[in-house]
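>>> A predicted structure for the sequence below; I have some questions about it.
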Amino acid sequence: MKFTLLCLLATAAMATGSCKKDKKSPKLADAFQYIETVCSAPWAKDIAPGAASFNQTLEKWLETETGVDISTPFRKMYPEKTQICYACSCTTGNVIYVWPPAGSEQKFIDLGFTRP
């Protein structure tokens, strides 16, 4: 009897665990990207590029501009993309990745995001 009860509990625990969805990290290949520039980004006047909370502030800014809820943007530094100049169009080496929900992609394209 104890063995049967133990088997039933073990089976229930395995079934419960297998029903949980794996929350996988989004892939960069699936993201829209924005190659950050010195000062021509649409959010440049509103968000300081060196701010400690840049990603969270950018998330709120993008949600306000597009009217779409997104997960926190990801900013990655690529030293080979850095341009040493002071023009607004010079790239900083940072690439910002976002994963817009289906159907809202055009709003991000309008802000300068592209598919990699």
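Looks like it arrived, so ask away. Residues are numbered from 1 along each chain as shown.

>>> And for the residue nearest to residue 85 when sequence neighbours are not counted, the neighbour number?
In space, and not counting its chain neighbours, residue 85 is closest to residue 38: 7.7 Å by Cβ to Cβ, 6 or more residues apart in numbering. C-beta: built from backbone N, CA, C; applies to glycine. The number of residues packed near residue 38 is 16, by other Cβ atoms under 10 Å.

>>> now residue 74
16.

>>> returning to what we had before: tell me how far the residue nearest to residue 85 lies from residue 76.
17 Å (Cβ to Cβ, to the nearest Å).

>>> Model confidence for the residue nearest to residue 85, exactly?
With respect to pLDDT, residue 38 scores 88.

>>> Make 622 the first number, not 1, from now on.
Fine by me, first position is 622 from now on; the one you just mentioned is residue 659.

>>> downstream neighbour of the strand or helix carrying residue 717 in the secondary structure list?
Here residue 717 sits within strand 712-719, counting by DSSP states H and E. For strand 712-719, the following helix or strand on the C-terminal side (DSSP H and E) is helix 726-731.

>>> Give me the contact list for that following helix.
For helix 726-731, contacts defined as Cβ atoms under 8 Å, 6 or more residues apart in numbering pick out 653, 683, 686, 687, 688, 689, 719, 721.

>>> and the fifth one, what are its phi and psi?
In this case it means residue 688. Backbone torsions for residue 688, taken as degrees, to the nearest 10, come to phi 70, psi 20.

>>> Please report the confidence value the model assigns to the residue nearest to it when sequence neighbours are not counted.
Nearest residue to residue 688, sequence neighbours excluded (Cβ to Cβ, 6+ apart): residue 728, at 7.5 Å. On pLDDT, residue 728 comes in at 96.
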